[in-house]
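**Q** Sharing a sequence plus its predicted fold:
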Amino acid sequence: MAQKAKPTKPEELFIDEAHDAFKDCILKSVDTQFGGNQNDIDAQFQLYQIIVRDRLTNFTVKAAFESAYELAQNIQQRVSGISECHIKFAKGKDGKDTADMHLTLTRAPCYFFSNQFGYYQSPNQIHYGYTVRDYKTTLGGLLKPFQSTTGGYKWNYGKNQSLYYLQQEMKPFSAFGNKVRTIYQETSSGRGIETNVGEAVRKSSLLFEVDLFPEKRPDIFRHSFITDPNNYLYLKLIQKTRKNKVDTDHCSKLLMERALCGDQLYSAKLGLKLGQVYDSVYLENSYLLSASSEIASNFTDSRFLRHKFFTRYTQSYGNAQFKFSLAGGLVQNLTAQPLRVNDNFYLWNYKGIRNIGYHYDEQKDKQGGGLHGENLGFDRYLAFQAKLHQLESPLLSVFNIEPFIHFNAALAPNRNKPVEGDTFLKRYGRASIGFGASLQLLGAAIECYYSPFVYRQKNEIKAEFQINIGID
């Protein structure tokens, strides 16, 4: 959820002494003028309409100033490519009880942004980026094929992964205007697959995005991490160099067999992203659907199809916000060899369970070793989450804290020893119910979960209390 702009208190806004005497005068109308293309104007006017909606019964000069100030705050919070918002008021042409308002946006040649409250972004993700769009004239010839250069860092708490990236947006399809984007990206990332297995990846990719509704997207949001929802089809060609670091002293034979030493993986991914925002000010009412299918191979012992999707719906009613998400995935192995642990799905951040997916080691059980805890991941899963936030609450709101209750459910293959007579839900299901609080900081969001009611599999460990980085 995007962080909300705090309403301006009357005593915090200063009107110069020459006009302060008119602060309580009722305005009959305000003629607004915004800069940019027609989509920019429509987006800014929609923001302004929602802001002034609750002030129309007593729309004074001071209320008009407050509304304009809050509009500028919202734009600067949402658009990282804007450095300044200038607002000018003048006496209206239609009489003393009217006013003209002009809003001018000053674009920054580059920006630095922390994406901690992206309403449609991946959960648990903190993103720092630096983008250069306006190249100097002396470099114009060298960088002519490129529209922008971006470098940054992403930390995804939910995937136990950190990633550094450098990307160039090219313009080979300039004849199609802004409808087709071409992005070349180099990344270096690392993640912990299992306690005894760490993966390091260098990836090169070429991404083609086809904007489905380019005429509906405002230009002022185009170069921001928080864009008005992207609706696009994409094709991504990927080459990965993967290496595993395995602690052979503490892992089982099965894990060593399924943890590759290193390979070159090539893949092609076709995907779709659809998003819609119903509340343009606070981004509290929104919808997102993301789905993709990928074929991958290292041309030796690994070849598979991977399908996954994620959808989230957020809706606010008064002081309550409901958030629902559903995610799932399926990996289809196209070889006789078992899937590598690198290619499976993991639910690291599942609420209420610390080690979801620990498998049953049949060989060690025969030797008297009993259950052995290692996470080999899932070749399929389905997960649902529901949260109810209280947006404003006494005392807590002063510290930007939002209390919530949550419910989680998941279906994934059971790695434990099968028991005769078990039902499908008993063997594959996990669930948790609890409550918590979200601390909305400027640089990150910290969420604390307490789950007193947890259903888990046999050798999975209950984790009643958890701390999460980022909005989930």
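**A** That came through, no problem. Numbering: from 1, shown residues only.

**Q** Can you give me the domain boundaries for this structure?
**A** 10-107, 110-469 (automatic domain parsing).

**Q** got TSV for the ones you listed, with mean pLDDT too?
**A** Conversion of those to TSV gives the following (pLDDT from 0 to 100):
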stretch	mean pLDDT
domain 10-107	74
domain 110-469	79
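
**Q** Include mean neighbour count when you put these into a markdown table, please.
**A** Quick note: C-beta positions are derived from backbone N, CA and C, even for glycine. A markdown table is the format used below for those (neighbours: other C-beta atoms under 10 Å):
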| stretch | mean neighbour count |
| --- | --- |
| domain 10-107 | 15 |
| domain 110-469 | 17 |
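
**Q** Who are the packing partners of the helix or strand hosting Thr314?
**A** Using DSSP states H and E, Thr314 sits in strand 303-317. If contacts are counted by 3 or more C-beta pairs under 8 Å, 6 or more residues apart in numbering; DSSP states H and E, strand 303-317 sits against strand 286-297, strand 320-333.

**Q** could you dump these to CSV with distance to Gln185?
**A** Below are the helices and strands packed on strand 303-317 laid out as CSV (distance: least, C-beta to C-beta, whole Å):
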stretch, distance to Gln185
strand 286-297, 16
strand 320-333, 22
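
**Q** hmm, back to that, tell me the strands beside the strand holding Thr314, with direction?
**A** If you go by DSSP bridges, strand 303-317 pairs up with strand 286-297 (antiparallel), strand 320-333 (antiparallel).

**Q** Give me the residues contacting that strand.
**A** Applying C-beta atoms under 8 Å, 6 or more residues apart in numbering, the contact partners of strand 303-317 are 1, 119-120, 122, 278-279, 282, 284-297, 321-335, 339, 343, 345, 391.

**Q** What separation is there between Glu194 and Leu265?
**A** Look at Glu194 and Leu265: by C-beta to C-beta, to the nearest Å, they are 19 Å apart.

**Q** again with Leu235
**A** Distance, Leu235 to Leu265, by C-beta to C-beta: 17 Å.

**Q** Equivalent analysis for Cys448, please.
**A** Going from Cys448 to Leu265 by C-beta to C-beta gives 37 Å.

**Q** Ok, Tyr184 next?
**A** For Tyr184, the distance to Leu265 - C-beta to C-beta - is 18 Å.

**Q** quick one, strands of the stretch 151-300 of the chain?
**A** 161-170, 180-194, 197-211, 232-246, 262-277, 286-297 (DSSP state E, counting those that start in this stretch).

**Q** quick one: which of those is nearest Ala72?
**A** Nearest to Ala72 among those is strand 262-277 (19.5 Å), distances taken as C-beta to C-beta.

**Q** Note down every partner strand of that closest one and its orientation.
**A** When DSSP bridges is applied, strand 262-277 pairs with strand 232-246 (antiparallel), strand 286-297 (antiparallel).

**Q** Make CSV out of those strands and add distance to Ile126.
**A** Shown next, in CSV, are these (distance: least, C-beta to C-beta, whole Å):
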stretch, distance to Ile126
strand 232-246, 23
strand 286-297, 19
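
**Q** To Ser162, which of those lies closest?
**A** Here strand 232-246 is closest among the strands paired with strand 262-277 (C-beta to C-beta), at 15.0 Å.

**Q** longest helix anywhere in this structure?
**A** Secondary structure of the chain per DSSP state H: the longest helix is helix 61-78.

**Q** Convert the C-alpha atoms of that helix to PDB, please.
**A** Only the C-alpha atoms of helix 61-78 are listed here, as PDB (Å, rounded to 0.1, in the frame of the first residue of the first chain):
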ATOM      1  CA  VAL A  61      -9.700  30.200   0.100                       C
ATOM      2  CA  LYS A  62      -7.700  28.400   2.800                       C
ATOM      3  CA  ALA A  63      -9.300  25.000   1.900                       C
ATOM      4  CA  ALA A  64      -8.300  25.600  -1.700                       C
ATOM      5  CA  PHE A  65      -4.700  26.200  -0.600                       C
ATOM      6  CA  GLU A  66      -4.700  23.100   1.600                       C
ATOM      7  CA  SER A  67      -6.100  21.000  -1.300                       C
ATOM      8  CA  ALA A  68      -3.500  22.200  -3.700                       C
ATOM      9  CA  TYR A  69      -0.700  21.500  -1.100                       C
ATOM     10  CA  GLU A  70      -2.000  18.000  -0.600                       C
ATOM     11  CA  LEU A  71      -2.200  17.400  -4.300                       C
ATOM     12  CA  ALA A  72       1.500  18.400  -4.600                       C
ATOM     13  CA  GLN A  73       2.400  16.000  -1.800                       C
ATOM     14  CA  ASN A  74       0.600  13.100  -3.500                       C
ATOM     15  CA  ILE A  75       2.200  13.700  -6.800                       C
ATOM     16  CA  GLN A  76       5.700  13.900  -5.300                       C
ATOM     17  CA  GLN A  77       5.200  10.700  -3.300                       C
ATOM     18  CA  ARG A  78       4.000   8.800  -6.300                       C
END
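
**Q** Just checking: what are the partner strands of the very next helix or strand once past that helix?
**A** Next along the chain after helix 61-78, taking DSSP H and E as the criterion, comes strand 82-91. Sheet pairing of strand 82-91 (DSSP bridges) gives strand 98-107 (antiparallel).

**Q** and the angle from the partner strand to helix 61-78?
**A** Per axes from the mean of the first three to the mean of the last three C-alpha atoms, to 10 degrees, the angle that strand 98-107 makes with helix 61-78 is 20 degrees.

**Q** What is the distance between strand 98-107 and the centre of its chain?
**A** 31 Å (C-alpha atoms, centre = their mean, to the nearest Å).

**Q** about what we covered before: got TSV for the strands of the stretch 151-300 of the chain, with distance to Glu66 too?
**A** Listed next are the strands of the stretch 151-300 of the chain as TSV, based on distance: least, C-beta to C-beta, whole Å:
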stretch	distance to Glu66
strand 161-170	38
strand 180-194	38
strand 197-211	36
strand 232-246	37
strand 262-277	24
strand 286-297	26
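
**Q** Would you mind saying which of the ones you listed lies nearest Arg53?
**A** strand 262-277 (16.7 Å).

**Q** Identify all contacting residues around that closest one.
**A** In contact with strand 262-277 (C-beta under 8 Å, 6+ apart) are residues 119-120, 212, 228-244, 283, 285-300, 302.

**Q** any idea how far it is from the chain center?
**A** 15 Å.

**Q** got the CA coordinates for it in PDB?
**A** What follows is strand 262-277, C-alpha atoms only, in PDB (Å, rounded to 0.1, in the frame of the first residue of the first chain):
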ATOM      1  CA  GLY A 262      27.000 -25.100 -11.900                       C
ATOM      2  CA  ASP A 263      25.400 -24.700 -15.300                       C
ATOM      3  CA  GLN A 264      24.300 -22.400 -18.100                       C
ATOM      4  CA  LEU A 265      20.500 -22.200 -18.200                       C
ATOM      5  CA  TYR A 266      18.700 -20.700 -21.200                       C
ATOM      6  CA  SER A 267      15.000 -19.800 -21.100                       C
ATOM      7  CA  ALA A 268      12.200 -17.900 -22.800                       C
ATOM      8  CA  LYS A 269       9.300 -16.500 -20.800                       C
ATOM      9  CA  LEU A 270       6.000 -15.200 -22.100                       C
ATOM     10  CA  GLY A 271       3.900 -13.300 -19.600                       C
ATOM     11  CA  LEU A 272       1.000 -10.900 -19.000                       C
ATOM     12  CA  LYS A 273       0.500  -8.100 -16.400                       C
ATOM     13  CA  LEU A 274      -2.800  -6.400 -15.800                       C
ATOM     14  CA  GLY A 275      -3.500  -3.700 -13.200                       C
ATOM     15  CA  GLN A 276      -6.200  -1.300 -12.200                       C
ATOM     16  CA  VAL A 277      -6.400   1.400  -9.600                       C
END
